[in-house]
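In: Quick one, what's the 3D model for this:
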Amino acid sequence: MEDSIINLLEQVRIEKPLVHNITNLVVMNTTANALLALGASPVMVHSPLEVREVVDIAQALVINIGTLSEHTAEAMLVATEHANTIGRPWVLDPVGAGISAFRNDLLSNLLALKPTVIRGNASEIITLYNSNQPNTKGVDSTADSKDALRFGKLLQQHTGSIICISGNVDYILSEKHTVEVYNGHPLMTQVTGLGCSATALIGAFLAVTDGHFEAAVAGVSLLSLAGELAAKSASGPGTLQLNLYDELYRLNAERLQSSLKIKHYAH
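Out: Numbering: from 1, shown residues only. Okay, the predicted model is just below:
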C-alpha cells in the first residue's frame, strides 16, 4: 500500500490536476493551500450557473456541506449530477450531518447520487447511516472512529462508496478492503479544516487514478502524516497549521516509507 501512495503522490505532482471544490466558507483557504502544497490545482466555484462548465474541465469534484445555503445546495446537486453524467469522480464531506432537516435532506439527495468517496468524522458517518439518531455536537464528533466502523460498513454496502472515518485511528473501507491509519496528532483537533483538507486531498488523488480505494487511503494518510510531522515543531495550533503546509510540500518517498503507519486488511 505504501508503494501505491508514493506513486500516486508522484502522479499528482506530475499532472497537477484541477480539483473543483464546492466547499464551506470557513475552510476554503485552508483546503486550497493544502491542495497547492500537495501539488494539485484548486478551483472554488459555487454558482449553479457555472459549475457544470467547471466540472467539465476539472479532473475531480469535492463537495463539502459545512456552510450551506439554498444557493450552494443547488450548486452541489447540479455539479454532482453532471459529474456522474460525464464520469468525473467526486467526494462528499458531510460536515455537520444531522444538525438540521435542510442539511439532512440535501445529504439524502447527494447519497442517492452515489459519491465515489465519503469522508467524515465518526458522528457524521453514524448519522449518515441513521439520520434519526444524530450524534454530532455542531460539526464536532461525539463518537470514536472505532464506534462508527459498523455504521461505515453498512453505509458502504448501501451506497457502494468508499467510506473514510476520521478519528484517533482513521479507517478507510471498501467492499473488500479495510485500511487503518495510525498517523496524526491530538493537536490537529484544535485546527479547523484539517478533516476537510483530507477530503480535498482525496479529490486530488481521485483525479489521477481509477483506483478509488487507493486514492482515499492516500488522501487520508498523507494529511494525517503531515499533521503528525507538523506537530513535532509546533508550539500550538497556529504553528501546526503553518507547518502542515510545509510538511505536505516536503512529503516524498523516503519520508513516507519511514513514517507512514498503516495496516491493510483484505476481507
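In: Please make it C-alpha for all contacts and neighbour counts, starting now.
Out: Fine.
In: In stretch 220-236, which residues are buried?
Out: 220-231, 234 (16 or more other C-alpha atoms under 10 Å).
In: meant to ask about stretch 56-70, not that
Out: 56, 58-66, 68.
In: With stretch 205-217 instead?
Out: 205-208, 212-217.
In: Tell me which of those residues fall in helices.
Out: 205-206, 212-217 (DSSP state H).
In: about what we covered before: would a markdown table of the buried residues of stretch 220-236 with pLDDT and secondary structure be doable?
Out: Shown next, in a markdown table, are these (pLDDT from 0 to 100; DSSP: H, G, I helix; E, B strand; the rest coil):
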| residue | pLDDT | secondary structure |
| --- | --- | --- |
| Val220 | 98 | helix |
| Ser221 | 97 | helix |
| Leu222 | 98 | helix |
| Leu223 | 98 | helix |
| Ser224 | 97 | helix |
| Leu225 | 97 | helix |
| Ala226 | 97 | helix |
| Gly227 | 97 | helix |
| Glu228 | 96 | helix |
| Leu229 | 97 | helix |
| Ala230 | 97 | helix |
| Ala231 | 96 | helix |
| Ala234 | 95 | coil |
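In: Return the member of those residues nearest to His185.
Out: Among these, Glu228 lies closest to His185 (C-alpha to C-alpha), at 5.1 Å.
In: can you tell me how far the closest one sits from Leu222?
Out: 10 Å (C-alpha to C-alpha, to the nearest Å).
In: Can you get me a residue count around Ile5?
Out: 22 (other C-alpha atoms under 10 Å).
In: so it makes contact with Val220?
Out: No: counting by C-alpha atoms under 8 Å, Ile5 does not reach Val220; the two are 10.6 Å apart.
In: thinking again about what came up before, can I get the buried residues of stretch 220-236 in a markdown table including distance to His20?
Out: Converted to a markdown table, those look like this (distance: C-alpha to C-alpha, whole Å):
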| residue | distance to His20 |
| --- | --- |
| Val220 | 18 |
| Ser221 | 21 |
| Leu222 | 20 |
| Leu223 | 19 |
| Ser224 | 22 |
| Leu225 | 24 |
| Ala226 | 22 |
| Gly227 | 24 |
| Glu228 | 27 |
| Leu229 | 27 |
| Ala230 | 26 |
| Ala231 | 29 |
| Ala234 | 31 |
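In: Pick the one among these closest to Tyr265.
Out: Ser221 (15.5 Å).
In: What sits closest to the closest one if chain neighbours are left out?
Out: Val181 (6.1 Å; C-alpha to C-alpha, 6 or more residues apart in numbering).
In: Please tell me how far the one you found sits from Ile172.
Out: 8 Å.
In: So what sits opposite the residue nearest to Ser221 in the bridge?
Out: Asp170, Ile262 (DSSP bridges).
In: What is the neighbour count of it?
Out: 23.
In: was I right about it contacting Lys263?
Out: Yes: in this structure, Val181 is within contact of Lys263 by C-alpha under 8 Å, at 6.7 Å.
In: What's the mean pLDDT across the helix or strand containing Ser123?
Out: Secondary structure from DSSP states H and E places Ser123 in helix 122-129. The pLDDT scores in helix 122-129 average 91.
In: elements contacting it?
Out: Contact here means 3 or more C-alpha pairs under 8 Å, 6 or more residues apart in numbering; DSSP states H and E; on that basis helix 122-129 packs against strand 136-137, strand 140-141, helix 149-159, strand 162-166.
In: ok, now which residue in this structure is the farthest from the centroid?
Out: Distance from the centre of the chain peaks at Ser235, with 26.2 Å (C-alpha atoms, centre = their mean).
In: all helices of the stretch 51-200 of the chain, in order?
Out: 51-57, 70-86, 101-112, 122-129, 149-159, 194-206 (DSSP state H, counting those that start in this stretch).
In: Give me the distance from the fourth one to the chain's centre.
Out: Averaging C-alpha coordinates over helix 122-129 and over its chain gives two centres that are 14 Å apart (C-alpha atoms, centre = their mean, to the nearest Å).
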